[in-house]
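Sequence first, predicted model second:
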Amino acid sequence: MKSEQNRAPSPDQPQASKTLTVVEPPASRPAAAPVRPGRELPSSVLTPPVPPPPPHLDDYESIIGAAQVEALRFLAADVKGKTVKMVNSTAVGGGVAEMLNRLVPLLSELEVPTHWEVITGGNDFFEVTKAFHNALHGTEYELTKNAQEIFLMYNEQNLQRMQFEEEVVVIHDPQPAALIRAKARSKAKWVWRCHIDLSNPNPSVWEFLRPCIEKYDAAIFSSQSFARQLPIPQYLFYPCIDPLSEKNKELDDSVIQKVCDEFGIDRSRPIVTQVSRFDRLKDPVGVIEAYKLAKKYVDCQLVLAGGGAKDDPEGSVVLQEVKEAAGNDPDIIILDLPPWCALEINAIQRASALVVQKSLREGFGLTVTEALWKGKPTIAGAVGGIPNQIIHKLTGVLVHSVEGCAFQIRYLLTHPEFARRIGMNGREQVKENFLMTTNVKRWLLLFRILSGSKPSPIPT
C-alpha cells in the first residue's frame, strides 16, 4: 500500500478537500532504537478502586439546564415500563462499555428498565472478531471457512445461554451480530448498533455479516458516511461521554499534580498526549514519529496512555512495537494502564498542552470528545467520525499524515492564543452534541418510534 505524503494544511491554509489515509504495515517502519523497559506503574493504580455510584438525572442539571432534564422525563413518559436488553462483547475497555455503564442506569432511572449482558468467547473467537474489526475498517483479510465457523459457533453458544424476553434488544457491533437468530423466538424489536467505520469494508467480511444485519428491525451508525445499503431503517446516533464520570469530571489541580508526579510527568514543560488502546489503527507509532519531528523545533514530552480490552488480543504486540519505536527517549512516557484508571486518564488529559488522536481508521473517537470537553486543543486524524467532532481550525485541527501532525504540534505549541480559542470552541461543540444526556434523548426517541407510541400531549 502507498502511504500518503501530503502535509496537513496549516491553520493559515485552506483544508484539502480530499484526503487519503492508509494503514502503513509495521514492516515498512524505520528500524527502531533499542527498547527501554516499560515505565513501572505506581502501586496506587494496581488495585481497582471502589466504583462511585452512578449519577442521577438531576445531577446533570448544572451542566445542561433544568429544561433539558425535564424534556428527558417528558420523552420517557410514553415508553415507561418498556424493557430493553443491551448486548456487547466486553464490560471493560473501550468506548462502548464506557457508554453502556452510564446509559443503562439513566434509562432505568427514567423507568425504562434496561439490562446489559456481555457475550463470552475463547481466544480464537476474539482473534477472529478482531480480524473482522480491522477488515471492516478496510484492511486486507482473507475470510476462511474456519473463521466463519468459529464466529458462528460462539454466537450460537451465547444464543443458547441467553434469554431475550425484553421488548427491545440492542446488539452492539459485529461480535454478537449473529444473535439475531434468536429473533424468531422473540417478540422484541431488534436493533444493530454499529460503532465502527463501515465506509469502506472488506467485501468478503461485510458480505458474510450482511445477511445477519438485514434481519434486524433497524441499524444505528455513528456517522453519515458509515451507512450501508440495507433494507431496514438506519439512524444516526453520535456516541457520547458522561461529563460526570471519573474520566471527565472536574478535578482539583492537586489531584492532577499528584497523578503527574506518580507517573513522572513534568508539568513545567509542554505535554502532548494520546490516549487510546494500543492498536495499529490508532497509529501510536505514527504519533511517536510526529513527536520526534516536532521535537526538533519545540520542547515537549509525549505521553502515550492506553491499555487493552478483553476483545482485543493484539494489544500486547502493538505495545511492543510502540516501545521499540520510542527507544531510549526519556521524554516519551508509555503507560500501559489497567481499565479502571479513568481518573488518571482524566488528570493526564487535563495536564496536557495538546491532545492527539492520530487514528488511521476510527468509528468515532471518544478520546477526541473527552479532550474537547476538557477544553484542550486537539489534533486528530481526518477519518471516520472524527470530522463530525472537529471542524478544522474551529474546534480543533485535522491532519492526514505524520508530517501534518508534527506541523500542528509545533504550530499549536507556538501559537497559544489560537490553541486556547479552538479549545474553548471544542468544549462548546461537545456540550451541544456529544454528552450522555443527548444520547439518552436519542434512545428514548428511537424506542418511541419502534413501539409506535403516540406522543403524549404537551403540558400547558
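Alright, I've got the coordinates.

Could I get the phi/psi values of residue 220?
Dihedral angles phi and psi of residue 220 (degrees, to the nearest 10) take the values phi -120, psi 130.

wait, it sits on residue 194?
Yes: using CB atoms under 8 Å, residue 220 makes contact with residue 194 at a distance of 6.7 Å. C-beta here means a position set from N, CA and C on the backbone, and glycine is covered the same way.

Where does pLDDT dip in the chain?
Applying pLDDT under 70 to the chain flags residues 1-39, 308-312, 453-460.

Kindly recompute the last result at 50.
Applying pLDDT under 50 to the chain flags residues 1-37, 460.

those strands in this structure, which residues are they?
Ranges of strands within the chain are 84-88, 114-118, 168-172, 189-193, 218-221, 234-236, 271-275, 301-306, 332-336, 354-357, 378-381, 397-399, based on DSSP state E.

what would these look like in JSON lines with mean neighbour count?
Conversion of the strands of the chain to JSON lines gives the following (neighbours: other CB atoms under 10 Å):
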{"stretch": "strand 84-88", "mean neighbour count": "23"}
{"stretch": "strand 114-118", "mean neighbour count": "18"}
{"stretch": "strand 168-172", "mean neighbour count": "25"}
{"stretch": "strand 189-193", "mean neighbour count": "24"}
{"stretch": "strand 218-221", "mean neighbour count": "22"}
{"stretch": "strand 234-236", "mean neighbour count": "15"}
{"stretch": "strand 271-275", "mean neighbour count": "26"}
{"stretch": "strand 301-306", "mean neighbour count": "24"}
{"stretch": "strand 332-336", "mean neighbour count": "20"}
{"stretch": "strand 354-357", "mean neighbour count": "28"}
{"stretch": "strand 378-381", "mean neighbour count": "30"}
{"stretch": "strand 397-399", "mean neighbour count": "28"}
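
Mind putting the ones you listed into CSV with distance to residue 227?
Formatted as CSV, the strands of the chain follow (distance: least, CB to CB, whole Å):
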stretch, distance to residue 227
strand 84-88, 21
strand 114-118, 25
strand 168-172, 17
strand 189-193, 12
strand 218-221, 5
strand 234-236, 5
strand 271-275, 28
strand 301-306, 30
strand 332-336, 36
strand 354-357, 23
strand 378-381, 21
strand 397-399, 21
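
Can you tell me which of the ones you listed is nearest to residue 45?
Taking CB to CB as the criterion, strand 332-336 is the member of those that comes nearest to residue 45, at 9.2 Å.

Tell me which of the strands of the chain sits nearest to residue 431.
For residue 431, the closest of the strands of the chain is strand 378-381, at 15.1 Å, according to CB to CB.

what does that closest one contact?
21, 283, 354-360, 362, 365, 368, 371-372, 386, 389-390, 395-400, 405, 408-409, 412, 422-423, 426 (CB atoms under 8 Å, 6 or more residues apart in numbering).

now, which of those residues lie within helices?
368, 371, 372, 386, 389, 405, 408, 409, 412, 422, 423, 426 (DSSP state H).

From the contacts of strand 378-381, list just the buried residues.
Buried residues within the contacts of strand 378-381, defined by neighbour count using 16 or more other CB atoms under 10 Å: 21, 283, 354-360, 362, 365, 368, 371-372, 386, 389-390, 395-400, 405, 408-409, 412, 422-423, 426.

Contacts only, for residue 54.
Residue 54 makes contacts with 101, 102, 105, 106, as judged by CB under 8 Å, 6+ apart.

and the two most separated of these?
Across these, no pair lies farther apart than 101 and 106, at 10.3 Å, counting by CB to CB.

If you count surrounding residues, which of those two has more?
Under the neighbour definition other CB atoms under 10 Å, residue 101 and residue 106 were set side by side, and residue 106 has more, 23 against 16.

And the helices in the stretch 51-200 of the chain?
Taking DSSP state H, counting those that start in this stretch as the criterion, the stretch 51-200 of the chain carries its helices at 61-64, 66-77, 95-109, 123-136, 145-161.

Of all these, which one comes closest to residue 298?
Counting by CB to CB, residue 298 lies closest to helix 95-109 out of the helices of the stretch 51-200 of the chain; the figure is 30.8 Å.

angle of the closest one against strand 168-172?
Relative orientation of helix 95-109 and strand 168-172, computed by axes from the mean of the first three to the mean of the last three CA atoms, to 10 degrees: 160 degrees.

Flag every buried residue along helix 95-109.
Neighbour-count burial for helix 95-109 [16+ other CB under 10 Å]: 95-107, 109.

And for stretch 114-132?
114, 116-119, 121, 125-132.

Save the residues you listed as JSON lines, and put in distance to residue 287 too.
Compiled in JSON lines, the buried residues of stretch 114-132 are given as follows (distance: CB to CB, whole Å):
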{"residue": "114", "distance to residue 287": "37"}
{"residue": "116", "distance to residue 287": "33"}
{"residue": "117", "distance to residue 287": "35"}
{"residue": "118", "distance to residue 287": "31"}
{"residue": "119", "distance to residue 287": "32"}
{"residue": "121", "distance to residue 287": "31"}
{"residue": "125", "distance to residue 287": "30"}
{"residue": "126", "distance to residue 287": "25"}
{"residue": "127", "distance to residue 287": "26"}
{"residue": "128", "distance to residue 287": "28"}
{"residue": "129", "distance to residue 287": "26"}
{"residue": "130", "distance to residue 287": "21"}
{"residue": "131", "distance to residue 287": "24"}
{"residue": "132", "distance to residue 287": "25"}
